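# structure of the sequence below:
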Amino acid sequence: MPSRRRFLCEAAFAAASMSPAAGAEKKIRLAVVGGGFGATFHFHQHPNCVVAAVTDLYAERRKRLRDAYSCDNVYDSLEDLLKKRHDLDAVAIFSGANLHVRHVKMCMERGLHVCSAVPACFSLEEAGELRAVKEKTGLRYMMAESSYYRQAAIHARNLYNEGAFGEILYSEVEYYHDFNFEDRLNKQPSLYYNPDGSISWRMGMPPMHYPTHSLGFVVGVTRERIVNVSCQGIEDRAKISRLKANPYKNPFFNEFALMRTSKGHMVRHNECRQISATEMERAQWYGEKGSLLMAQPGIHGDVWQDRYGKPRPLDVPKFWNSGMLPPAMRHDSGHGGSAVFISAEFINCLLEDREPTVNVYEALAMTVPGLIAHQSALRNGEQMNVPSFDRA
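Okay, the predicted model is just below:
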């Protein structure tokens, strides 16, 4: 396993790609859309960002945004905001997942850079539309994928780039999020319902339509693409008709896939929404020289094992304490410390006029395999090829 000194060198190397441009004085004027997840980021702590406007369809969420970003320029809808604000550089979109591509296009067609919540799209048609609008406008698009900036993932990426794993032959990636269906059928505030009681986009969503927290651990570490998938699903065991009669016509609440990468490696990918044992996003990377197992809460911490050696505890650095972030942003944050990194990277890529780490091609490589996996599950595990949306 690499030495502690090497760990520090890796952190310094990573910092070079995240630090704000030297002497940058430009202020990025940003609008934030969506007062749920959107109120949990830290754009306003970046010295070169001003949160100039916020919007949500619901009053309570608008208040959350106003309070989170100390921003009094509040609008009732994205449409209203875009009509009235012509001083913006960029928009951070945290609306419902089924609206992401529509809202990205609305903003980019008005000349605005975009950071979007996950997933990047909900269909292959939308994947093509997203790539097309980015390439047509030449603007920056970033997907706010938290697993890319979880501390163990940053560390794994650094180790991979330095050769500590050797070739990663097999990975296990998983996202377990128990939606507790039975207790949420009474239309109380929950993931299933909007504040006005209407059904949200999450109701009945195929688990593999939300694959990026898992696939970010593959695409975001090795840059490999998923090229083939076979997937199986478990139907709703509670047989709740209101959940099964969903707009996606989806019978599955847990899906499990075996995937092949562009380098011929294998990935086991689990997406579960009806499981009581645990809630987590994690990965295990098995390489020819060494393997890394992310912490599993209540069972073990982060673990490294050299080939032929014994597993040993791994001290993953807290990268938010490094020079990877502006001083005001060097603190822990949501989703494994990722929120400050996502916030900083989007502003930095605009200041430095470069593509962000999770650009449109990386985002689609993390999203599209899940869409195909769900189709495979509907066909009882048929092996299916995954189309590429990389630059032609």
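# how far is stretch 214-232 from where the chain is centred?
Centroid separation between stretch 214-232 and its chain, computed with CA atoms, centre = their mean, to the nearest Å, is 13 Å.
# quick one: buried residues of it?
Buried positions in stretch 214-232, judged by neighbour count with 16 or more other CB atoms under 10 Å: 214-222, 224-231. Every residue, glycine included, has its C-beta placed from N, CA and C.
# start to end distance for it?
Stretch 214-232 has an end-to-end distance of 16 Å (CA to CA, to the nearest Å).
# in helices only, show me the buried residues of stretch 214-232.
Mapping the buried residues of stretch 214-232 onto helices (DSSP state H) picks out 214, 215, 216, 217, 218, 219, 220, 221, 222.
# how far away is residue 341 from residue 326?
11 Å (CB to CB, to the nearest Å).
# need the ones in helices among the buried residues of stretch 214-232 in a markdown table with distance to residue 364, can you?
Below are these laid out as a markdown table (distance: CB to CB, whole Å):
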| residue | distance to residue 364 |
| --- | --- |
| 214 | 15 |
| 215 | 11 |
| 216 | 12 |
| 217 | 16 |
| 218 | 14 |
| 219 | 10 |
| 220 | 13 |
| 221 | 17 |
| 222 | 16 |
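# and which of these is nearest to residue 155?
In terms of CB to CB, no member of these lies closer to residue 155 than residue 221, at 9.8 Å.
# so for residue 341 and residue 326, which sits in the more crowded spot?
Set side by side, residue 341 and residue 326 show more neighbours around residue 341, with 27 against 21, by other CB atoms under 10 Å.
# I'd say the more buried one and residue 322 touch.
No - Residue 341 lies out of contact with residue 322 (CB atoms under 8 Å); the separation is 10.7 Å.
# so which residue is dead centre in the chain?
Residue closest to the average C-alpha location in the chain (CA atoms, centre = their mean): residue 145, at 2.1 Å.
# what sits against that one?
118, 212, 213, 216, 220, 342, 358, 363, 366 (CB atoms under 8 Å, 6 or more residues apart in numbering).
# so the third one makes contact with residue 143?
No - look at residue 213 against residue 143 with CB under 8 Å: they stay out of range, at 11.4 Å.
# more neighbours: which of those two?
The neighbour count for residue 213 versus residue 143, taken as other CB under 10 Å, is higher for residue 143 (29 against 25).
# and that one, backbone torsions?
Here is the backbone geometry of residue 143 (degrees, to the nearest 10): phi -100, psi 130.
# and the residue nearest to it when sequence neighbours are not counted, how far is that from residue 125?
Nearest in space to residue 143, with sequence neighbours left out and distances taken as CB to CB, 6 or more residues apart in numbering, is residue 363 at 3.6 Å. Computed as CB to CB, the residue 363 to residue 125 distance reads 16 Å.
# out of those two, which sits in the busier spot?
A direct count of neighbours by other CB under 10 Å for residue 363 and residue 125 places residue 363 higher, at 29 against 10.
# secondary structure class for the more buried one?
Under DSSP: H, G, I helix; E, B strand; the rest coil, residue 363 falls in the helix class.
# my read is that it contacts residue 134, right?
No - taking contacts as CB under 8 Å, residue 363 lies outside contact range of residue 134: 9.6 Å.
# where do the contact lists of the two overlap?
Contact criterion CB under 8 Å, 6+ apart; residues shared by residue 363 and residue 134: residue 141.
# pLDDT score for residue 392?
Looking at residue 392, its pLDDT stands at 75.
# for it, the count of nearby residues, please.
Neighbour count for residue 392, taken as other CB under 10 Å: 6.
# how close does it sit to residue 361?
Taken as CB to CB, the span from residue 392 to residue 361 is 11 Å.
# one more: residue 78?
From residue 78 over to residue 361 the distance is 25 Å, taken as CB to CB.
# so for these two, which residue has more residues nearby?
Between residue 78 and residue 361, counting by other CB under 10 Å, residue 78 is the more crowded of the two (22 against 18).
# all helices of the chain, in order?
Secondary structure of the chain (DSSP H): helices at 4-16, 59-69, 78-84, 100-108, 124-137, 151-162, 212-222, 241-244, 334-351, 360-378.
# which of those helices is buried the deepest?
Comparing the helices of the chain by mean neighbour count (mean count of other CB atoms under 10 Å), helix 212-222 ranks first with a mean of 27.
# so what touches that one?
Looking at helix 212-222 with CB under 8 Å, 6+ apart, the contacting residues turn out to be 118-120, 143, 145-148, 153, 156-157, 160, 168, 171, 173-175, 224-226, 261, 263, 267, 269-271, 281-283, 285, 358, 362-363, 365-367, 369-370.
# the same query, at a cut-off of 7 Å, please.
Contact with helix 212-222 is made by 118-119, 145-148, 153, 156-157, 160, 168, 171, 173-175, 224, 226, 267, 269, 271, 281, 283, 285, 362, 365-367, 369-370, as judged by CB atoms under 7 Å, 6 or more residues apart in numbering.
# now do it, average pLDDT.
On average, helix 212-222 scores 98.
# chain center to that helix: distance?
9 Å.
# 46 is where my numbering starts, stick with that
Sure thing, new numbering starts at 46, so read that last one as helix 257-267.
# where are the low-confidence patches of the protein?
Low-confidence segments of the chain (pLDDT under 70): 46-69, 224-235, 282-290, 320-323.
# measure the residue of the chain most remote from its centre to residue 342 for me?
Here the centre of the chain is the reference, and by CA atoms, centre = their mean the most remote residue is residue 353, at 34.3 Å. Distance, residue 353 to residue 342, by CB to CB: 29 Å.
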